[in-house]
Structures are given as C-alpha cells and as structure tokens.
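*Asks:* how would this look folded up:
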Amino acid sequence: MAAEIRVFPCLSDNFGYLIHDPATGATASIDAPEAAPIIAALEREGWKLTDILVTHHHADHVGGIAELKAKYKCRVVAPFDKKAAIHDVDLRVKEGETVKVGNLTARVLDTPGHTLDHISYMFDDDRALFCADTLFSIGCGRVFEGTYPMMWESLLKLRALPNDTRIYCGHEYTASNVKFALGIEPYNPALKARAEEVAKLRAANQPTIPTLMRDEKEANTFLRADVPSVAAALGMTGKSPADVFGEIRERKNKS
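*Replies:* Okay, the predicted model is just below:
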C-alpha cells in the first residue's frame with residue numbers, strides 16, 4: 001500500500017511533511033520546524049506521530065522536537081554526526097542504512113554541504129525524496145559548513161536518482177530561485193515553463209512542491225553546472241563543474 005504524504009507550511013517559509021503508512025498506522029514527520037502545525041496536521045488526518053526523521057541540526061528543522069516527543073513519545077532519528085546539537089535523539093543513521101516507518105523503508109543518503117551532518121531520506125518504493133536544504137526546487141541550500149565541491153557531490157548523488165523521484169525540500173523558495181536562474185539561463189525552455197507554472201501556483205497560494213527530478217535536471221541551474229552552456233553563460237568555459245557550481249552559488253548568495 002502506497003505511503004500517504006501531507007504537505008503544509010511551518011514557520012515563515014518552511015515546509016512541514018508527514019509520511020504515513022496506511023497498513024500499520026505509523027506516521028513520521030520529516031524534521032520538526034515547529035510543533036503546532038504538525039500537531040494540527042496529525043489531528044486533521046487522525047494520525048499518531050511515531051517518528052521524527054531529522055535531516056540536519058539547524059534550528060528551523062529541529063525546533064518542534066521536544067514538544068512533539070513529549071506529546072507522542074515518538075522516536076527521533078537523526079544524522080550520525082554527534083557533534084551537531086540535536087536533542088532527544090533515539091537513533092543515529094548514516095549512508096547505507098535504512099529507517100523503517102511502519103512498513104515503509106527510507107534509505108539514508110549522506111548529503112553534506114549546507115551542513116556537515118546533513119542527510120536525506122529516500123523512500124524508493126514511493127519515489128519520494130526528502131532532501132531538506134540540500135536540493136531545492138530550482139535551487140539548493142547555502143553552503144554554510146561544507147565546501148562547494150562537497151555540495152556539488154551531494155547534488156550529483158541526488159541527481160542520479162530516478163527521473164520520477166518526487167522532491168520534497170525544506171523551504172518555499174522556488175519563485176526567487178526561478179528569477180535568479182533565468183538570469184543565467186534566460187533561453188532554457190524548461191526553466192521558462194517552470195517559471196510560468198510557479199507563478200500560477202504562488203498566485204493561487206499553492207506550494208511549488210513536490211517537483212520531479214526529471215524537471216529539476218532540465219531547469220535547475222544548480223544541477224546543471226556541468227552543462228557547457230551554463231559554464232559559458234558565466235564566462236567559465238573549461239572550468240570544473242565544482243568551480244562552476246561554486247560561482248553559481250556565490251552569485252545567488254549576493255542576489
């Protein structure tokens with residue numbers, strides 16, 4: 001039986017996610033930006049929280065853990081890196097390991113760069129990737145703790161996932177990401193089509209996710225640092241993809 005996924009806003013621009021196994025009743029929150037919207041979503045659905053799957057230690061992804069754990073006695077799964085300050089953790093996981101939510105199975109991917117402890121959760125059977133602040137719709141996270149080559153390798157790892165993978169990212173940044181990307185690839189037809197779609201969704205106050213990996217490969221400039229036309233647009237023909245990616249990220253930081 002397929003997983004059920006619910007998407008809702010948290011804080012100012014975070015996404016909240018619940019993934020539910022209808023067969024067993026198990027429900028996981030992907031990160032916990034704040035407790036109240038997660039509790040409200042659980043009560044709307046009549047679900048009980050059994051797990052919190054944490055992607056990284058930033059406050060806007062872990063702020064609701066203590067309240068949720070006190071209320072539901074749920075299991076908290078977090079990255080293996082114990083130097084990152086995440087409290088109330090029951091299980092730490094890393095690349096090559098899996099996490100069960102009822103009968104659902106998530107494969108853990110190490111995706112450092114935004115932070116050194118960052119992991120992503122790939123539910124292969126449901127083609128659902130929860131990648132928080134590594135990969136955004138038409139963007140990627142800032143590189144706070146890692147290096148640009150490290151972040152580029154993490155993006156390549158995610159880009160290698162199947163084309164029909166649904167991407168559930170950490171924030172609603174798509175509109176600003178599209179505007180930036182069009183400054184580099186103004187003639188990219190996939191990006192122009194995505195820009196129109198995003199404008200309609202946001203005008204209707206609808207989320208721009210999930211997005212498909214196939215579409216991101218075609219339109220997300222951050223995933224296209226190894227495309228010659230992107231390097232040329234930046235005046236970086238012949239440079240390594242990691243260097244081109246670093247230049248794109250630097251320009252976005254300043255935009």
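
*Asks:* what about the nearest residue to residue 21 once chain neighbours are set aside, how many residues nearby?
*Replies:* Excluding its sequence neighbours, the residue lying closest to residue 21 (Cβ to Cβ, 6 or more residues apart in numbering) is residue 102, at 3.2 Å. Glycine gets a C-beta too; all of them are placed from N, C-alpha and C. Counted with other Cβ atoms under 10 Å, residues neighbouring residue 102 total 19.

*Asks:* repeat for residue 90
*Replies:* Residue 90: 12 neighbours (other Cβ under 10 Å).

*Asks:* residues in contact with it?
*Replies:* Neighbour list for residue 90: 75-77 [criterion: Cβ atoms under 8 Å, 6 or more residues apart in numbering].

*Asks:* what does the pLDDT read for the nearest residue in space to residue 169 that is not next to it in sequence?
*Replies:* The shortest distance from residue 169 to any residue other than its chain neighbours is 4.7 Å, reached at residue 136 (Cβ to Cβ, 6+ apart). pLDDT for residue 136: 98.

*Asks:* again with residue 83
*Replies:* 80.

*Asks:* look up the closest residue to it, ignoring the ones flanking it.
*Replies:* Distance criterion Cβ to Cβ, 6+ apart; nearest residue to residue 83, sequence neighbours excluded, is residue 117 at 7.5 Å.

*Asks:* so which elements touch the helix or strand residue 154 falls within?
*Replies:* Counting by DSSP states H and E, the element that carries residue 154 is helix 148-159. Other helices and strands packing on helix 148-159, by 3 or more Cβ pairs under 8 Å, 6 or more residues apart in numbering; DSSP states H and E, are strand 104-110, helix 213-219, helix 241-254.

*Asks:* the longest one: how far from the chain's middle?
*Replies:* The gap between the average C-alpha position of helix 241-254 and the chain average comes to 19 Å, counting by Cα atoms, centre = their mean, to the nearest Å.

*Asks:* so for it, mean pLDDT?
*Replies:* 97.

*Asks:* quick one: residue 17 is in a helix?
*Replies:* No. Looking at residue 17 with DSSP: H, G, I helix; E, B strand; the rest coil, it is strand, so not inside a helix.

*Asks:* for it, list the residues it contacts.
*Replies:* Going by Cβ under 8 Å, 6+ apart, the list of residues near residue 17 reads 5-7, 29-31, 130, 168.

*Asks:* neighbours around residue 206, how many?
*Replies:* Neighbours of residue 206 using other Cβ under 10 Å come to 10.

*Asks:* wouldn't the residue nearest to residue 83 be in contact with residue 85 here?
*Replies:* No. At 9.8 Å, residue 117 does not count as touching residue 85 under the criterion of Cβ atoms under 8 Å.

*Asks:* nearest residue to residue 151 in space, please, no chain neighbours.
*Replies:* For residue 151, the spatially nearest residue (Cβ to Cβ, 6+ apart) is residue 113, at 2.9 Å.

*Asks:* meant to ask about residue 14, not that
*Replies:* Nearest residue to residue 14, sequence neighbours excluded (Cβ to Cβ, 6+ apart): residue 33, at 4.2 Å.

*Asks:* neighbours around the one you found, how many?
*Replies:* Neighbour tally, residue 33, other Cβ under 10 Å: 27.
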